[in-house]
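Asker: predicted model, plus sequence, below.
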Amino acid sequence: QVQLVESGGGLVQAGDSLRLSCAASLRGFSSYAMGWFRQTPGKEREFVAAVSWNGGSTFYADSVKGRFTISRDNAEKTVYLQMNSLKPEDTAVYYCAADIDNWGTPATISEYDYWGQGTQVTVSS
């Protein structure tokens, strides 16, 4: 059974930083792409960032480029999202996801096979 567990969310002020973690219980974790998405009430889940199987390639949504950094530690089976210069519009539930058929940096929801339960990030102004 595949399990992805996010942690690190919380309430911060605009301009602050947070680091999200996603621990995976996935055989072959080091072989496939991982991503982060976010969702606010009444809106569709949106892509935030993706990292390739070995961490060598990353891809970001324009809205977070230059502020967020995705990384992974394959030995620890964990993917991270470092979020700096947070803005109120970054408030959302953040989900990590695994695409076991892809070595690259997929950016669409339909490409991902497994999802975590989400962690809330709230940024106050």
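Answerer: Ah, there it is.
Asker: from here on, contacts and neighbour counts on C-alpha atoms
Answerer: Noted.
Asker: helices of the chain, start to end?
Answerer: Taking DSSP state H, the chain contains no helices at all.
Asker: not counting sequence-adjacent ones, nearest residue to the residue nearest in space to the middle of it?
Answerer: By C-alpha atoms, centre = their mean, the chain has its centre lying nearest to Trp36, at 2.2 Å. Once flanking residues are discounted, Trp36 sits nearest to Cys96: 4.5 Å by C-alpha to C-alpha, 6 or more residues apart in numbering.
Asker: okay, now the one you found: neighbour count?
Answerer: By other C-alpha atoms under 10 Å, 30 other residues sit near Cys96.
Asker: now the one 4 residues further on
Answerer: Look at Ile100: counted by other C-alpha under 10 Å, it has 20 neighbours.
Asker: state the pLDDT value of the residue nearest to it when sequence neighbours are not counted.
Answerer: Computed as C-alpha to C-alpha, 6+ apart, the closest residue to Ile100 that is not its neighbour in sequence is Tyr32, at 5.0 Å. At Tyr32, the model reports a pLDDT of 90.
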